[in-house]
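Novice: Task: produce atomic coordinates for the following.
(one chain, ligands or ions: 1)
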Amino acid sequence: MTPSRWQIHSQHTASFRSVAPVLWLLTGAAVAAWAYFSMATPERVRHFLVLHQGLETLSIVVSALVFAVGWKAHSINPQRNVFILACGFLGVALLDFSHMLSYAGMPDYVTANSVAKGINFWLPARYLVAVSLLWALGLHWHAPGDSASAGPGRFAVLALVLGVVAAVHVLVFWYPHWYPETYGSTGLTPFKIAAEYGVIALYAASLALLLRLARERTSFDVARLFAAVWVMALSEFFFTFYVTATDPFNLLGHVYKVVGYYYLYRAIFVGTIEAPYRALKQSDKALRAVLDAVPDLMFEVTRGGRYVEIHTRQPELLLLPAEQVLGRTIHDILPPQAAAVAQRAIDAAAEHGVARDFQYTLDLPDGKHWFELSVARKVMDEASEAHFVVLSRDITQRVQTLDTLRKLRHAVEQAPNSIFIAGADGNIEYVNPAFSVTTGYSLAEVVGRNPRLLSAGGTPLSVYADLWAHLSSGRVWRGEFLNRRKDGREYYESAIISPLHDEQGRITHYLAVQEDVTERKRDEERIRKLVNFDALTGLPNRTMFASRFSQALALTQRSGQHLALLYLDLDHFKNVNDSLGHQVGDELLVEIAHRLQLVLREEDTVSRPGGDEFIIVLPLADAQHAAHVAESLQSEVRRVCRLGHHELVVTSSIGIALYPEDGREFETLAQRADAAMFRAKETGRDTYRFFSADMQAHSLRVLQIENALRSAVVQNQLALHYQPQIRLRDRRLTGVEALLRWTHPELGLISPAEFIPVAESSGQILGIGEWVLRTALAQARAWCEAGHTGFTVAVNLSMVQFRHPGLVEMVQQALADSGVSPQMLELELTESIAMDAPEKVIAIVQQLFDLGVQLSIDDFGTGYSSFSYIQRLRVHKLKIDQSFVRHLGEDGSAQHIVRAIIGLAQSLDLESIAEGVETATQCEALLSLGCNTGQGYYFSRPVPAAQLDAWMTERRVTLV
Ligand SMILES: Nc1nc2c(ncn2[C@@H]2O[C@H](COP(=O)(O)O[C@H]3[C@@H](O)[C@H](n4cnc5c(=O)[nH]c(N)nc54)O[C@@H]3COP(=O)(O)O)[C@@H](O)[C@H]2O)c(=O)[nH]1
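Specialist: A predicted model of the protein is given here:
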């Protein structure tokens, strides 16, 4: 900061403060003395001469000291100002000495003494002081230690001063008349007074220079010099007042002169002697502080490693106390390995001047420490033995930190996750190898670039907004980006980005740890699809459909409208599977699923709960809309499907249930749509049906039967009736068919056509079927034992029984248990059984055949079995379905079918039997067509075994 015009530099403030009181006092005293002695004629001072001589001697001594100090200081701190003052004061001392010897009252000094002679030496002395001061102050003051600026040398100045002094002496001794009169009979002459004022004027000029210098930093004590000049100026005033040479003004002037000289001496002494020493002390202190601040162990050793000096602030790092180390060598103190390293460092320093980075370890009480040596040869004179300054730095923490950093670097470089570090400006500064592997960009390619170069453009802007909101507030961000590799491939990356802070808490970098999660996302998507979608068709599965249904229901409920649930089942899909294989069946399902979706709106959902069934929810749909959609779906399904080289036409049956009329929750609506779909099947297929009240009643009835059936066997509610099978040619009895009858105490007689399907769907048919077989065999045994043989007892096998793996064993066991000959047992398989899994069926039929039982295919003509397939089935009879027999005689087509079946049986060498024969016409027609056997009400209704005996007797039916 630049001080204001009059402001004293801070360097001088304290010094000025210390001299100010003295100056005020002396000035005040001078004014007071002047006032006091001016009022009355001052009296002569007693013993003036003694006092004068004493004061002069004092001032001569001080002047001599100024010279001595100033002259001698030149060798320490050469300053021209100082030696000018010193030389000046030598002259002053000599002139004052002559002034003292010339004083009146003293023995004559070369020539006769007088007051005037004393003044003649006095005045040149004063001018010499004033001029020396002005000259010295006018020069630039150098800092201690600087060499003197160019100009006359100190001997030249000394010679000049001595010359002036000599000239003054010559003038005063031998040419006093050249000198104007300075003292007369009335005291001081005007010349003398004017000369004194001239000195005062020179002092004033010096004071002005000093005030100017006080505003700057200087190498000398401005305040004391100012005090010296000020007091000397006061002294000069006294010398203008006195009348007689012995009055008080004269004495006071000498006193002030001595004080002034003292201040001058102090200023010179402080500036030249004290200041350099103080500076030296200061620098020594600073050096020591620097040494103390050095954190390292510092040794001075010889070439051989002998310790000469030790300096440390951490004595605990020394292996021994310093006093025990000094005088010994590194080989005495350090372990051999460390000593060898230290010696190598010293040798290297001896050769090159400096040696660095020599490391060794020491086992200290608190563990292993690493030290690093720096050695420098100490510059000494040639003759002395070479010394070396050794700095031993404990780098344990640095080594450990470097070790940690190395591990961290390896961890980052070998991390499987891609990592990058960006600066505060967001530009990349570092990427690890995994980053390059993932992105395809090398470190050099991305350094200085913004990470947005990876963006594939698909990440929502809100993700970036959230990212920067987190980072700018110093928080960690976790999220996902859709990025693009260098080769253009897109990938998903999950990222954790953290801001890195410096000690002041400012964000300096960003650290991103990222992972390519593309595969994981694909897996998740696959799992999501597996969990929620049908693997074959890609349609929502049951779980997903339930969720979509809930949404649709909620939407419908909010709007107060209707919702439709449709159950669609493909008609005779099984035939496709069986005849063309499951591959084609699957392709057909995929195609149908696709077609269904084409018909539906975006808000509609279709699902495949299994097999060839599809369930569809239509939110905000009334009956009319549902019917319209059902028709569209059916016509879309009905279109020809081209699957490979196959051309298929399939139809579908649809059941429809409406919310809220038919139910309020999914289960109820699904059950009712299913019931409606069955009704559609029953009513000829390729149609749709809405759920109705009678279907509801039917469902309840099914439930009732299912429950009641569970106790039917144990409660003895079941019975078998037998219907005769008559050979048409001779009306002989060839067999009987066992037909199940169930009489429930409350529900009454229930037809097997009603309860057998319920027993099948509830799984109870297995137990019931076995009961039928064993009961029929028991009856057969009874007939055998009664002598009625030569006919078969036919038992119906349900599809569920046939599929059961233990069927053959069960039949075998029942036969064995009954003791009935297998030939007497006939098992009726429906044509639909025969169509199920052909190879498996052929195998089971073969096993049953091998048991020796008779086998017939029931309801023949209603299925789709081919000639080649029937040929491979080891059966004995084809049983013509009663629907064809019923229309014999009235319907030409029925006759053709019956003829065809009989022809097929004949060609395969099988028996043919017609069921449902109710009239003689039918009987005749069958006979004429070549049918072997008939069964029907025309011969007999199914009757209990006891009645059958009576019937045989009554109708005189004979056994074969
Ligand atoms: N798995 C089992 N199925 C069985 C068993 N018992 C019967 N059934 C099957 O139930 C269906 C209905 O049987 P049912 O009411 O007994 O009807 C049979 C005859 O009564 C009836 N029939 C016989 N003759 C005539 C006739 O002249 N007119 C006429 N309208 N109906 C007649 O036909 C049924 C015989 O059927 P089928 O077995 O195909 O020969 C029926 O499908 C039975 O198979 C059983 O124990 N197990």
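
Novice: Identify the spatial nearest neighbour of residue 174, chain neighbours not counted.
Specialist: residue 111 (7.5 Å; Cβ to Cβ, 6 or more residues apart in numbering). For every residue, glycine as well, the C-beta is placed using N, CA and C.

Novice: ah, wrong one, I meant residue 362
Specialist: Nearest residue to residue 362, sequence neighbours excluded (Cβ to Cβ, 6+ apart): residue 369, at 5.3 Å.

Novice: likewise residue 512?
Specialist: Counting by Cβ to Cβ, 6+ apart, residue 512 lies nearest to residue 497, which is 4.6 Å off, once chain neighbours are set aside.

Novice: give me the beta-bridge partners of that neighbour?
Specialist: residue 477, residue 512 (DSSP bridges).

Novice: Looking at it now. What's its pLDDT?
Specialist: At residue 497, the pLDDT value in this model is 96.

Novice: burial of it, as a residue count?
Specialist: 21 (other Cβ atoms under 10 Å).

Novice: Make sure it is actually in contact with residue 510.
Specialist: Yes. Judged on Cβ atoms under 8 Å, residue 497 makes contact with residue 510 at a distance of 5.9 Å.

Novice: contacting residues around the helix or strand where residue 355 lies?
Specialist: Taking DSSP states H and E as the criterion, the element that holds residue 355 is strand 354-364. Outside strand 354-364, the residues that touch it by Cβ atoms under 8 Å, 6 or more residues apart in numbering are 316-317, 319, 334-335, 337-338, 341-342, 344-349, 368-377, 395.

Novice: Could you rerun that using 6 Å?
Specialist: 338, 341, 345, 348-349, 368-376 (Cβ atoms under 6 Å, 6 or more residues apart in numbering).

Novice: list the helices and strands whatever helix or strand comes next after it packs on?
Specialist: As assigned by DSSP H and E, the chain's next helix or strand after strand 354-364 is strand 367-378. Counting contacts by 3 or more Cβ pairs under 6 Å, 6 or more residues apart in numbering; DSSP states H and E, strand 367-378 packs against helix 336-352, strand 354-364, strand 387-394, helix 396-414.

Novice: Okay, angle between strand 367-378 and helix 336-352 too, please.
Specialist: 20 degrees (axes from the mean of the first three to the mean of the last three Cα atoms, to 10 degrees).

Novice: Narrow the contacts of strand 354-364 to those that are buried.
Specialist: 338, 341, 345, 348-349, 369-376 (16 or more other Cβ atoms under 10 Å).

Novice: Sort out which one of the residues you listed lies nearest the ligand for me.
Specialist: Closest approach to the ligand among the buried ones among the contacts of strand 354-364 (Cβ to the nearest ligand atom): residue 370, at 94.6 Å.

Novice: Now do the same contact list for the closest one.
Specialist: Contacts of residue 370 (Cβ under 6 Å, 6+ apart): 361, 395, 396, 399.

Novice: Looking at these, point me to the pair that's furthest apart.
Specialist: Greatest spatial distance among those (Cβ to Cβ): 361 and 395, at 10.1 Å.

Novice: what's the straight distance from one end of stretch 511-522 to the other?
Specialist: 27 Å (Cα to Cα, to the nearest Å).

Novice: can you pull the buried residues of that stretch?
Specialist: For stretch 511-522, burial by neighbour count (16+ other Cβ under 10 Å) applies to 511, 512, 513, 514, 515, 516, 517, 518.

Novice: show me which of the residues you listed neighbour the ligand.
Specialist: Near the ligand, taking Cβ under 6 Å from any ligand atom as the test, no member of the buried residues of stretch 511-522 is found.

Novice: For those, give me JSON lines that also has pLDDT and distance to residue 589.
Specialist: Below are the buried residues of stretch 511-522 laid out as JSON lines (pLDDT from 0 to 100; distance: Cβ to Cβ, whole Å):
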{"residue": "511", "pLDDT": "95", "distance to residue 589": "53"}
{"residue": "512", "pLDDT": "95", "distance to residue 589": "48"}
{"residue": "513", "pLDDT": "95", "distance to residue 589": "47"}
{"residue": "514", "pLDDT": "94", "distance to residue 589": "43"}
{"residue": "515", "pLDDT": "94", "distance to residue 589": "39"}
{"residue": "516", "pLDDT": "93", "distance to residue 589": "37"}
{"residue": "517", "pLDDT": "93", "distance to residue 589": "34"}
{"residue": "518", "pLDDT": "93", "distance to residue 589": "31"}
